[in-house]
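*Asks:* Give me a 3D structure for the following:
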Amino acid sequence: MPSPARTLWALLRSARVFGDRFADSLPSLLGPAMIETDVAMLAAAGDDDRSTPDARAIRLRALVDAHQDFIWRSLRRLGVPAAQVDDATQEVFCVAMRRLDQIEREAERSFLFGVAMRVASDARRACVRSRERADPTAIDIAVATSPTPEAILDKQEALVLLDEALDALDDETRAVFVLFEIEGFTSPEIASLLVLRLGTVASRLRRGREQFHAAATRLRARLDHGEKR
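*Replies:* Model prediction:
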């Protein structure tokens, strides 16, 4: 019988595939009509040469094109429910739109991820307050319809397991863990993105792996219990 870590770590490694598949199907967040509206809003806020409507529209479009898939995946793995992730992605870029002139070009991804962390945190708190959690029977259904835990990895329900395991991590640890284990960032890249010391990244990653392993153990016990029924 595979260890709980083996099953959940395999699921973790599959997350990037699932994420890319969904992100690739996303429509552009800012269509031409919306860009025109945004340009009018942005133009009113700027008064220097680099803030002309055309320049701001071009930069906004480039920002969305370059980072929307990453932000969408990050929000999903940071705990934003699937039904809300498109709106949350839109919210991140609306914040960027309003603060476009304050964002240094070399720090665009760092700024967007920081906003995404706050948006995800707000979304999770709202879910707790309104009890809009995923159906807790979803995991039991997955177990009942799959002969082994490994078979679940080939099904959409597998993401329910990953979400629950990631929910066991605290916010700061989760961000580092998601960036390293799912997005494939290096520790120096994470340190730069989150403005952290390398030692802090290492300690949060270690803590994240411990928390994830503990969640894997609990989920494996649930899966085993389901197999015996």
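
*Asks:* which helices and strands does the host helix or strand of Arg56 pack with?
*Replies:* Per DSSP states H and E: Arg56 is located in helix 53-77. On a contact count with 3 or more C-beta pairs under 8 Å, 6 or more residues apart in numbering; DSSP states H and E, helix 53-77 meets helix 4-24, helix 32-45, helix 85-98, helix 108-130. All C-beta atoms are positioned from the backbone trio N, CA, C, and that covers glycine.

*Asks:* and Gln211, how many residues sit next to it?
*Replies:* The burial metric for Gln211, expressed as a neighbour count using other C-beta atoms under 10 Å, is 18.

*Asks:* can you pull the contacts of the closest residue to it other than its chain neighbours?
*Replies:* In space, not counting the residues next to it along the chain, Gln211 is nearest to Leu169; the distance is 4.9 Å by C-beta to C-beta, 6 or more residues apart in numbering. Under the criterion of C-beta atoms under 8 Å, 6 or more residues apart in numbering, the contact list for Leu169 reads 177, 208, 211-212, 215.

*Asks:* What about the residues you listed, which are in helices?
*Replies:* Counting by DSSP state H, the members of the contacts of Leu169 that fall within helices are 177, 208, 211-212, 215.

*Asks:* I'd like these as JSON lines, with distance to Glu164 and pLDDT appended.
*Replies:* Putting those into JSON lines (distance: C-beta to C-beta, whole Å; pLDDT from 0 to 100) gives the following:
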{"residue": "Phe177", "distance to Glu164": "14", "pLDDT": "95"}
{"residue": "Gly208", "distance to Glu164": "15", "pLDDT": "94"}
{"residue": "Gln211", "distance to Glu164": "12", "pLDDT": "92"}
{"residue": "Phe212", "distance to Glu164": "11", "pLDDT": "90"}
{"residue": "Ala215", "distance to Glu164": "7", "pLDDT": "87"}
